[in-house]
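*Asks:* what would the 3D arrangement of this be:
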Amino acid sequence: MTLEPTQLAIIFACLAAGGILKGATGAGAPVLAVPALAMIFDVRFAVVVMLMPNLLTNLWQAWHFRRHLLPASFVFGFAGAGALGVLLGTLMLAFLSHDVLSLFVAGAVFAYIALRLARPDWKIAYPLASRLSIPAGLAAGLLQGAAGLSAPASITFLSAMRLERPIFIATISFLFVSMTVLQIASLGYLGIFSAHGALISLSALLPILAFMPVGAALAKRLSKESFDRAILILLGFLAAKLVYDTLVG
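*Replies:* As a prediction, the model looks like this:
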């Protein structure tokens, strides 16, 4: 794919928005970047662009916070189920139509918004969370493989456990690394992730890293509630636009 300067500028803006969100919250760059890129280009391109940023940033976080991981039985079950889900989701990404994939991304975003609004104080005790880790991981992997967007399952599930920040980052980073490694291999096998796509994906790191400090600064100036509300409104617009373009456009 040869990209024009205008398209490159749009990609930069989408990734910068993802970097702002990651800088403000510590996670979730794909939550903004993937639906925005999917709205302008397509879901497969959006997923490929986010592969290397997902892998490298979460690899660093997983190593940095490795001493704070939850018990191995939880982590490996959660990540293993996520890896299996990625395989199933990748097949969906490869063989479903553009319109179906766009609606899948929009549905994932709407699910994320609904969970954030409906159960902001939802809490899962560890014994129950341990039993739910495999279905939650499977759902996260399926969303990651098909839409590049596991947040409705992964972030929502771990947030509901009310983990301390280092434990949360260590656990979700381990999951993301496990899923992304398998996702890269399977997309490469299917011919969706090429050397050219890898270069674009590596380049995507730059705007994300550059705008993370902006997100951190905004988070200090705005209340958490105001920032969350603005993000949810933006996500709602992006998801609605995806649905409109697919069904009407």
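*Asks:* quick one: low-confidence ranges for the chain?
*Replies:* Counting by pLDDT under 70, the chain shows low-confidence ranges at 1-3, 25-27, 224, 227, 249.
*Asks:* so the closest residue to Leu103 other than its chain neighbours is in which element?
*Replies:* Spatially, and ignoring its direct neighbours in sequence, Leu103 is nearest to Thr246 (5.7 Å; Cβ to Cβ, 6 or more residues apart in numbering). Where C-beta positions appear, they are placed from N, C-alpha and C, glycine not excepted. Counting by DSSP states H and E, the element that carries Thr246 is helix 224-247.
*Asks:* now do the helices in this structure.
*Replies:* Secondary structure of the chain by DSSP state H: the helices cover 5-25, 29-40, 43-49, 51-64, 72-95, 98-118, 126-147, 154-160, 165-189, 195-203, 205-221, 224-247.
*Asks:* any chance of the ones you listed in a markdown table, with mean neighbour count too?
*Replies:* As requested, those are exported to a markdown table (neighbours: other Cβ atoms under 10 Å):
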| stretch | mean neighbour count |
| --- | --- |
| helix 5-25 | 20 |
| helix 29-40 | 25 |
| helix 43-49 | 25 |
| helix 51-64 | 19 |
| helix 72-95 | 20 |
| helix 98-118 | 18 |
| helix 126-147 | 22 |
| helix 154-160 | 22 |
| helix 165-189 | 21 |
| helix 195-203 | 15 |
| helix 205-221 | 16 |
| helix 224-247 | 16 |
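*Asks:* from what I can see His68 touches Ile172, true?
*Replies:* No: the criterion here is Cβ atoms under 8 Å, and His68 misses it with Ile172 at 11.3 Å.
*Asks:* surely the residue nearest to Leu103 and Ser102 touch.
*Replies:* Yes: here Thr246 lies in contact with Ser102, judged by Cβ under 8 Å, at a distance of 4.6 Å.
*Asks:* phi, psi for Leu96 please.
*Replies:* phi -80, psi 160 (degrees, to the nearest 10).
*Asks:* contacts only, for it.
*Replies:* Phe104, Ala146 (Cβ atoms under 8 Å, 6 or more residues apart in numbering).
*Asks:* one more time with 10 Å
*Replies:* Residues near Leu96 by Cβ atoms under 10 Å, 6 or more residues apart in numbering: Val43, Ser102, Leu103, Phe104, Ala146.
*Asks:* ok, now Tyr189?
*Replies:* Contacts of Tyr189 (Cβ under 10 Å, 6+ apart): Thr90, Ala94.
*Asks:* do you know how far it is from Gly85?
*Replies:* According to Cβ to Cβ, to the nearest Å, Tyr189 and Gly85 sit 17 Å apart.
*Asks:* go on, Ile192?
*Replies:* 17 Å.
*Asks:* also Phe174?
*Replies:* In terms of Cβ to Cβ, Phe174 sits 15 Å off from Gly85.
*Asks:* nearest spatial neighbour of Leu202, skipping sequence neighbours?
*Replies:* Per Cβ to Cβ, 6+ apart, closest to Leu202 is Met52, 4.9 Å.
*Asks:* the one you found contacts Leu187, doesn't it?
*Replies:* No: applying Cβ atoms under 10 Å, one finds Met52 not in contact with Leu187, separated by 11.8 Å.
*Asks:* what residues are shared contacts of those two?
*Replies:* Phe193, Gly197.
*Asks:* in contact with the closest residue to Gly197 other than its chain neighbours, which residues?
*Replies:* Nearest non-adjacent residue to Gly197, counting by Cβ to Cβ, 6+ apart: Val48, 4.5 Å away. Neighbour list for Val48: 1, 37, 41, 93, 148, 183-184, 187, 192-194, 196-198, 200-201, 204 [criterion: Cβ under 10 Å, 6+ apart].
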